[in-house]
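Enquirer: Generate coordinates for the sequence data below:
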Amino acid sequence: MHRLFWQVYGTVLLALVVVVALTAVLWRATVDFEPFEQSSEAVAEIVATVLPPDLTGDRLQTMLDRLHQQTQADLAVYGADGAVIASAGRPVPLVRAEGRRRHHRDGNAGPVWSVTLVDGRTAVARMPVTWRAWGLPVIVGAIALAVAGVALPFVHRLSRRIERLRSGVERLGGGDLSARVHVRGRDEVAVLARSFNWAAERLQALVHAHKMLLASVSHELRTPLARIRLGIELAREGDAKRLEGVRQDVAELDQMIDAILTSSRLDAAATPDRTDDVDLLALVAEEAAREDLAVSGTPVRVRGDGALLRRLVRNLVQNARRHAPGGPIDIVVTSLGTSAVLTVSDRGPGVPEAERERIFEPFYRLSTNPDSTGAGLGLALVRQIARRHHGDVHSLAREGGGSIFRVTLPAVATASA
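Expert: A predicted model of the protein is given here:
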């Protein structure tokens, strides 16, 4: 039983079983379970049998005392007028027998049996229910201890797990983004602990990414700003070439700011803002035509934001152009099972195996070409867009030199070319 509901319910059932078993044992040990009614009837018959009709006075009293000592029964003999002739033990009420014998229950004192003697007198006998004085307190105390003993370990374990979870939340709220809680079991508390750890990891990653983004932005903006400042100073002297450089720097800043805003928007949203059926082959062909490139493959439809998917394709094509200027670029769209696959291949210098994942980080530049143009946000946006569409992108080595960028997206439907 891993779910918290079954743990609680099982604990309650176990406590009830223990209580019932303990109650039965103590009841058996503390209560006299003799058949009181049969005993009272038997004693009354014995009294009626052993008492001779002419037995009166002290002899009758002595006989009743002896029987009382032997049977522990309360005994009495009443005359025809209802007066007590002799008695032994506690007082026993007179119950006139209907016929020869009659049964009567005297409250909690026990059953009373009356037998009419041959001389008209009435013999009355009662076997009392005997309780030990400490029986009831022991039963109540044992029940309380049993319930407390069974429930205490479970409650203590549950409270400690919740306390650890609360402590983790307080640490995270206090600014410790590395706060995690230990996950134990598979019940609701364990699920909550795993959810907390996932949220803490996600928050830590987002904060780290934004810190890196701010640091990288501040560094990347210095270069175009410095060029713009220099261009403005030279523009005063009428240098047209410098003015063109300023325009290019402004365009670079505009592209960088647009990429940063797009990246931030993708971080904030778990899914694309729009979801439409998009013909991936047609979309890729339109973007490739802007760079005078050909596209091959089969039509395949995906569901998502057309503008973001267009941005993904454009970034891949521009990345290939940047690293393989003038070289051949192959673009292919195919379907593989339930997935749509887009590959963009070039004959550039390629990506070292150790850096094939890092190139998808914002502002990362290859160690083999740290002075390349671009802000280093294009491939990072490609991965963000692919993952927002429940897909991904990977960098592979191309046989004979160069790189292959493969994007995999869930396909809505495929059609033959």
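
Enquirer: For the residue nearest to R358 when sequence neighbours are not counted, the count of nearby residues, please.
Expert: Take R358 and drop its neighbours on the chain: the residue closest to it by C-beta to C-beta, 6 or more residues apart in numbering is Y364, 5.3 Å away. For every residue, glycine as well, the C-beta is placed using N, CA and C. Y364 has 17 neighbours, counted by other C-beta atoms under 10 Å.

Enquirer: mind listing what Y364 touches?
Expert: Counting by C-beta atoms under 8 Å, 6 or more residues apart in numbering, Y364 touches 355, 358, 376, 380.

Enquirer: Give the ChimeraX command for selecting the buried subset of the residues you listed.
Expert: Of these, the buried ones can be selected in ChimeraX as follows, counting by 16 or more other C-beta atoms under 10 Å:
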select :355,376,380
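
Enquirer: closest to R202 among the contacts of Y364?
Expert: Using C-beta to C-beta, the shortest approach to R202 within the contacts of Y364 belongs to A380, at 17.6 Å.

Enquirer: who are the neighbours in contact with that closest one?
Expert: Neighbour list for A380: 263, 360-364 [criterion: C-beta under 8 Å, 6+ apart].

Enquirer: rewinding a little: of the contacts of Y364, which one scores lowest on pLDDT?
Expert: Of all the contacts of Y364, G376 has the smallest pLDDT value, namely 70.

Enquirer: what ranges do the strands span in this protein?
Expert: Secondary structure of the chain (DSSP state E): strands at 74-78, 84-88, 101-105, 111-116, 122-126, 276-279, 295-297, 300-304, 329-336, 339-346, 392-397, 403-414.

Enquirer: Just name the most buried of the ones you listed.
Expert: Each of the strands of the chain was assessed for mean neighbour count using mean count of other C-beta atoms under 10 Å. The highest is strand 122-126, with a mean of 27.

Enquirer: Give me the mean pLDDT for stretch 79-96.
Expert: Averaged over stretch 79-96, pLDDT sits at 82.

Enquirer: What is the neighbour count of the nearest residue to L177 once chain neighbours are set aside?
Expert: Nearest residue to L177, sequence neighbours excluded (C-beta to C-beta, 6+ apart): Q204, at 4.1 Å. For Q204, the neighbour count with other C-beta under 10 Å is 16.

Enquirer: Distance of Q204 relative to S178?
Expert: 7 Å (C-beta to C-beta, to the nearest Å).

Enquirer: do the same with R314
Expert: Distance, R314 to S178, by C-beta to C-beta: 38 Å.

Enquirer: more neighbours, the two?
Expert: Between R314 and S178, counted using other C-beta under 10 Å, the more crowded position is R314 (19 against 9).

Enquirer: Quick one, grab the pLDDT at that one.
Expert: 91.

Enquirer: got a list of what it touches?
Expert: Neighbouring residues of R314 by C-beta under 8 Å, 6+ apart: 287, 290.

Enquirer: quick one, domains of this protein?
Expert: Residue ranges of the domains in the chain are recorded as 4-31+133-172, 36-126, 188-268, 276-414, according to automatic domain parsing.

Enquirer: Report the contact partners of A148.
Expert: Contact analysis of A148 by C-beta under 8 Å, 6+ apart lists nothing.

Enquirer: For the stretch 201-350 of the chain, just list every one of the helices.
Expert: Ranges of helices in the stretch 201-350 of the chain, per DSSP state H, counting those that start in this stretch, are 240-268, 280-290, 306-323.

Enquirer: In terms of mean pLDDT, which of these ranks lowest?
Expert: helix 240-268 (a mean of 67).

Enquirer: low-scoring pLDDT stretches of the stretch 151-300 of the chain, where are they?
Expert: The model of the stretch 151-300 of the chain has pLDDT under 70 over residues 155, 211-223, 225, 231, 233-243, 245-246, 248-252, 254-257, 259-274.

Enquirer: What sits closest to I404 if chain neighbours are left out?
Expert: The shortest distance from I404 to any residue that is not its chain neighbour, by C-beta to C-beta, 6+ apart, is 4.3 Å, and that residue is L396.

Enquirer: From S345, how far off is the one you found?
Expert: L396 is 9 Å from S345, by C-beta to C-beta.

Enquirer: okay if I get the strands of the chain as CSV plus distance to L230?
Expert: Putting these into CSV (distance: least, C-beta to C-beta, whole Å) gives the following:
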stretch, distance to L230
strand 74-78, 122
strand 84-88, 128
strand 101-105, 116
strand 111-116, 118
strand 122-126, 121
strand 276-279, 44
strand 295-297, 41
strand 300-304, 42
strand 329-336, 34
strand 339-346, 33
strand 392-397, 36
strand 403-414, 35
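
Enquirer: Now tell me which of those strands the model trusts least on average.
Expert: Taking the average pLDDT of each of those, the minimum falls on strand 101-105, with a mean of 49.

Enquirer: circling back to that earlier point, name the residues contacting each of L396 and S345.
Expert: Counting by C-beta under 8 Å, 6+ apart, the shared contacts of L396 and S345 are 403-405.

Enquirer: Using CSV, lay out those residues together with distance to P299.
Expert: Converted to CSV, the shared contacts of L396 and S345 look like this (distance: C-beta to C-beta, whole Å):
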residue, distance to P299
S403, 26
I404, 22
F405, 21
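
Enquirer: Which ones among the contacts of Y364 lie within helices?
Expert: Among the contacts of Y364, the residues falling in helices (DSSP state H) are A380.

Enquirer: In the contacts of Y364, find the pair that's most separated.
Expert: Using C-beta to C-beta, those span at most 13.6 Å, a distance reached by E355 and A380.

Enquirer: beta partners for R301?
Expert: As for beta bridges, R301 partners with D279, A413 under DSSP bridges.

Enquirer: what separates it from A289, distance-wise?
Expert: When C-beta to C-beta is applied, the distance between R301 and A289 equals 20 Å.
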